[in-house]
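**Student:** Okay, here's the prediction I keep looking at, along with the sequence it came from:
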Protein chains: 2
Amino acid sequence: MIQAKIAEILDSNQFLQEFEVNGWVRSFRSNRFIALNDGSTINNLQCVIDFENFDQDELKRITVGAAVSVKGTLVESQGNQQRVEIEVKEFKILGDANPEEVKLTILSPKRHSLEKLREQAHLRVRTNTFGAIMRVRSKLSFAVHSYFQQNNFHYVNTPIITGSDAEGAGEMFRVSALDMENPPKNEDGSIDFREDFFGKETNLTVSGQLEGEAYAMGLGQIYTFGPTFRAENSNTSRHLAEFWMIEPEVAFCDLDGNMDLAEDFIKYVLKYILDHCQDDLEFLDKRFKAEEEAKPKADRSGLGLLEKLHFVIDNNFKRVSYTEAIEILKNSKPNKKKKFNYIIEEWGADLQSEHERFLVEKHFKCPVILFDYPANIKAFYMRLNEDGKTVRAMDILFPGIGEIVGGSQREERLDVLQNKMKELNIDEKELWWYLDTRKFGTCVHSGFGLGFERLVQFVTGMGNIRDVIPFPRFPGNAEF
Amino acid sequence: MIQAKIAEILDSNQFLQEFEVNGWVRSFRSNRFIALNDGSTINNLQCVIDFENFDQDELKRITVGAAVSVKGTLVESQGNQQRVEIEVKEFKILGDANPEEVKLTILSPKRHSLEKLREQAHLRVRTNTFGAIMRVRSKLSFAVHSYFQQNNFHYVNTPIITGSDAEGAGEMFRVSALDMENPPKNEDGSIDFREDFFGKETNLTVSGQLEGEAYAMGLGQIYTFGPTFRAENSNTSRHLAEFWMIEPEVAFCDLDGNMDLAEDFIKYVLKYILDHCQDDLEFLDKRFKAEEEAKPKADRSGLGLLEKLHFVIDNNFKRVSYTEAIEILKNSKPNKKKKFNYIIEEWGADLQSEHERFLVEKHFKCPVILFDYPANIKAFYMRLNEDGKTVRAMDILFPGIGEIVGGSQREERLDVLQNKMKELNIDEKELWWYLDTRKFGTCVHSGFGLGFERLVQFVTGMGNIRDVIPFPRFPGNAEF
């Protein structure tokens, strides 16, 4: 008797061998065919029951959602839906699932909306779609770690609770252990955060970059991969209040090296998924196709899911300066015909999603890296070019989702950085330690940030970012 | 000319080859020998300068902490401190480090206390000790992921911000976007959290276990590895307010399987570190030895750092029931002679660190797994034994640090779980989704939690947990 996972059994050639397998019932047809799933694969194991030989009361307990242990013999399947199946010799109900109660949940075997599935996020992982997404997400995480470790990057856990609030990357959540109903106050009526747990006001991090830079100045090349937060009230399919971010940072590396790294990294992880998640991707590819076909023609992406992955892996990312991109956009049909919501009129304009998608999907027809943006639409720490008006920033734009990576070469010159901070009213005292990295052996260095959920969206083809993280956090929702 | 990292050059046999290498100056002796480090290894590269051939003003800029780019030829070293060295042909100062300012920091070449290093956590990674710790930490993280991925566990990101507060694992930090000076209030004067970002009161997670269980009920076997938080005002060398936790959860697995998994997992990751971090471990082993020798004899651990690692890998963990352990402790010398601070008098007592260390270090002389604890000193979700008074909990105890793993088989029976929750006044409405996992195909399942920093402490031999995480968070400290 071999105790095995369904993924192993489906690959096995040990015919006539006895197996023991546990799982949950996905369906039970004709009082005869159990489709069993244990999460190890998207595919179910067909377990065939000779119902005349079993107790009828026990057979009635084989219902959708029930946990069952099965012992039986591996044989070639008679049906053409599967290669192998198990002839059941014994089965045991481990945990029932009352059909009347199941009916009220998303476990019931019918089509449920993604919204409904989200409301039962603790159960949705038992569906084909979410099982596939979450297995792909797991493998994609491992691909990220594997890439950086193979290339001798050191993983760094930058702090989640932070006392720095000068990064300006967005609105933050406050973290406090004070009694909110009756907080200690200063004489002027403001909260006395000296009494709080950390002796100062603290927030949830919006980025580990600045701490990552300090570490790159010692360890050479590092990456972070951890949760980051935004308290922005944006109820869109592209934003989460809590999401995971990957941020490599490399000493002695300029913007060109940074672009090379980002492109190589993305191609590696996509290739890894193609190699390791075939069954799940095939399912998601079909799902994507069906979703696309339900859309009006103009909104369809043109490429299938697997085609999009190959498209990114097989094409060199086109590198285009912001200035070139503005020229292209200014002279583009949708701009001239005023089809864009935001008409591009002059250099300095911030690009919108519609412009990014035009460049990627219509003009270049490949992933695009835009670089050398106007200084005043980018962050304070980006390296100023000799022209005095652009910075060494880069964004990578993808078909369908737009910006997937944002990065830059960092301003390594202490005096230029200080001037910039003064200009933007960023208090030097807040970032004394960040400035130290420019005082003691400063050097050219670069890095980027990649929102992990955007990547999972791209790989799984899911339209809403809330569907690629187990328990999404967004305005009005922190259930589970 | 080969652009290379120092770790590669130190391993190279390409004599007479020209290399270009960037790094930070660790020392500059006799106007001739630069010890250069780039973070790729704990070992420095000796770069030999024929000072007569270089500009004196440039040579003066080669100071401790400066970033330098060196071009030169790989030769066998004349000295016996190193196998190879670089004969410098060109060098370029990339970033100076003013010696007067360096003197005020921990970069200055003298012995600094760990407390002082902690105050400059952004610079301490440039020291030998912290470079080694953080490289080991990175490799250990990857070992964790590698183990679980190889064994077909799925990585799950459980939520950081949580609306559940029923776990009872400790005091929590509140997360809020409300204006603390002027929060919306209900008629009774309490805070109206319906106005907050998530429409309810939210906190930072203390554990991903409950969500992990829900996922194990779909994906079969999962693990989490993410930050967790405690707002406990414990200013000790064993506690952090923010720390990383690893929590596997396995469906169809009982407590014995859980112990097997934990033991196999720990041995794998320790073995991985022995195989992949030799240079750093050798350094830390020497450091540990020196620290031990400075202690009074009675406080020394007896084993060296590497010896401790081998000790854990080579020994079977001794499995002992709580009841047996109490008997051993009751009859032990320190208990009879009243040497323990807490004298063990009867069954039911909660074990203190002194008792755990006695069992591991004096009595069994090997790692110990204690199991079947009294129900009333353990959490609500642990499976009740048939005796009605013990639960299927287990703790793994290690030499030197005591408890490193806490786990259990979970209560899979809906009615027993509900009774327990009622007994402890845990609101079923708060955990409706958790109870669902027992309603729909419940099954035997188990898991454990391992505080990652405790593991890093064990592997690096660091006495204070604040020294094994880049930017530690503890009462009064959220700097950087």
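**Tutor:** Received it, and whenever you're ready, just let me know what you need. Values in this document were obtained by computation on a predicted structure and should not be read as measured data.
**Student:** mind giving me the domain ranges of chain A?
**Tutor:** Segmentation of chain A into domains, based on the TED database, reads A:2-104, A:130-169+A:215-317+A:366-467, A:172-205.
**Student:** of all those, which gets the most neighbours per residue?
**Tutor:** Comparing the domains of chain A by mean neighbour count (mean count of other C-beta atoms under 10 Å in any protein chain shown), domain A:130-169+A:215-317+A:366-467 comes out on top with a mean of 19. All C-beta spots, glycine's among them, are computed from the backbone N, C-alpha and C.
**Student:** Endpoints of that domain, how far apart?
**Tutor:** 8 Å (C-alpha to C-alpha, to the nearest Å).
**Student:** now the residue nearest the centre of chain A, what's its secondary structure?
**Tutor:** The geometric centre of chain A, computed from its C-alpha atoms, lies nearest to A:Glu453 (C-alpha atoms, centre = their mean), at 1.7 Å. Here A:Glu453 is helix, with the state taken from DSSP: H, G, I helix; E, B strand; the rest coil.
**Student:** Which residues does stretch A:278-295 contact?
**Tutor:** A:41-43, A:128-129, A:131-133, A:135-136, A:273-274, A:300-301, A:304-306, A:309, A:459-461, A:463 (C-beta atoms under 8 Å, 6 or more residues apart in numbering or on different chains).
**Student:** where in the stretch 51-200 of chain A is pLDDT low?
**Tutor:** Applying pLDDT under 70 to the stretch 51-200 of chain A flags residues A:165-170.
**Student:** mind listing the helices for it?
**Tutor:** Chain-ordered helices for the stretch 51-200 of chain A, with DSSP state H, counting those that start in this stretch as the definition, fall at A:56-60, A:99-102, A:114-119, A:128-150.
**Student:** Okay, angle between the last one and helix B:128-150 too, please.
**Tutor:** If I follow you right, that is helix A:128-150. 140 degrees (axes from the mean of the first three to the mean of the last three C-alpha atoms, to 10 degrees).
**Student:** quick one: helix A:128-150 to chain centroid distance?
**Tutor:** Centroid separation for helix A:128-150 versus its chain: 9 Å, with C-alpha atoms, centre = their mean, to the nearest Å.
**Student:** That helix and chain B, any residue contact?
**Tutor:** Yes - using C-beta under 8 Å from any C-beta of the partner chain, helix A:128-150 reaches chain B at A:130-131, A:134-135, A:137-139, A:141-142, A:145, A:149.
**Student:** and which of these is nearest B:Ile313?
**Tutor:** Nearest to B:Ile313 among the residues of helix A:128-150 next to chain B: A:Gln149, at 21.8 Å, using C-beta to C-beta.
**Student:** Who are the contact partners of that closest one?
**Tutor:** By C-beta under 8 Å, 6+ apart, A:Gln149 lies in contact with A:155, B:138-139, B:142.
**Student:** Adding distance to B:Ala4 as columns, could you present the residues you listed in JSON lines?
**Tutor:** Shown next, in JSON lines, are the contacts of A:Gln149 (distance: C-beta to C-beta, whole Å):
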{"residue": "A:Tyr155", "distance to B:Ala4": "22"}
{"residue": "B:Ser138", "distance to B:Ala4": "20"}
{"residue": "B:Lys139", "distance to B:Ala4": "21"}
{"residue": "B:Phe142", "distance to B:Ala4": "23"}
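**Student:** list the helices and strands whatever helix or strand A:Ile246 lives in packs on?
**Tutor:** For A:Ile246, the element it lies in under DSSP states H and E is strand A:242-251. Counting contacts by 3 or more C-beta pairs under 8 Å, 6 or more residues apart in numbering or on different chains; DSSP states H and E, strand A:242-251 is packed against helix A:209-219, strand A:221-229, helix A:255-276, strand A:445-451, helix A:452-460.
**Student:** Export that strand to CSV, keeping only CA atoms.
**Tutor:** What follows is strand A:242-251, C-alpha atoms only, in CSV (Å, rounded to 0.1, in the frame of the first residue of the first chain):
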residue,chain,number,x,y,z
GLU,A,242,-1.6,45.3,1.1
PHE,A,243,0.6,43.7,-1.6
TRP,A,244,3.9,42.0,-2.0
MET,A,245,6.8,43.8,-3.6
ILE,A,246,10.2,42.7,-5.0
GLU,A,247,13.0,45.3,-4.8
PRO,A,248,16.5,44.4,-5.9
GLU,A,249,19.2,47.0,-5.3
VAL,A,250,22.7,46.7,-6.8
ALA,A,251,25.9,48.6,-6.0
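**Student:** Report the strands that pair with it, each with its relative direction.
**Tutor:** Applying DSSP bridges to the sheet, strand A:242-251 is found paired with strand A:221-229 (antiparallel), strand A:445-451 (antiparallel).
**Student:** Go through these and name the closest to B:Ser321.
**Tutor:** Nearest of the strands paired with strand A:242-251 (C-beta to C-beta): strand A:221-229, 38.6 Å.
**Student:** Which residues of the stretch 351-480 of chain A lie near chain B?
**Tutor:** Counting by C-beta under 8 Å from any C-beta, the stretch 351-480 of chain A sits next to chain B at A:412, A:433-434, A:436-444, A:469-471, A:473, A:475-480.
**Student:** out of the contacts of A:Gln149, what pair is the most spread apart?
**Tutor:** Every pair of those checked by C-beta to C-beta; the farthest is A:Tyr155 and B:Lys139, at 8.4 Å.
**Student:** And the pLDDT at the nearest residue to A:Glu345 once chain neighbours are set aside?
**Tutor:** Closest residue in space to A:Glu345, ignoring its immediate chain neighbours: A:Lys330 at 7.5 Å, by C-beta to C-beta, 6 or more residues apart in numbering or on different chains. For A:Lys330, the model assigns a pLDDT of 97.
**Student:** Quick check, A:Ser301 in contact with A:Lys308.
**Tutor:** Yes - here A:Ser301 reaches A:Lys308: they are 7.3 Å apart, a contact under C-beta atoms under 8 Å.
**Student:** Now for these two: what residues contact both?
**Tutor:** A:399-400.
**Student:** so where do the strands sit in the stretch 351-480 of chain A?
**Tutor:** A:368-374, A:390-398, A:402-409, A:445-451 (DSSP state E, counting those that start in this stretch).
**Student:** Out of the ones you listed, which is closest to B:Ile266?
**Tutor:** Of all the strands of the stretch 351-480 of chain A, strand A:445-451 comes closest under C-beta to C-beta, at 32.0 Å.
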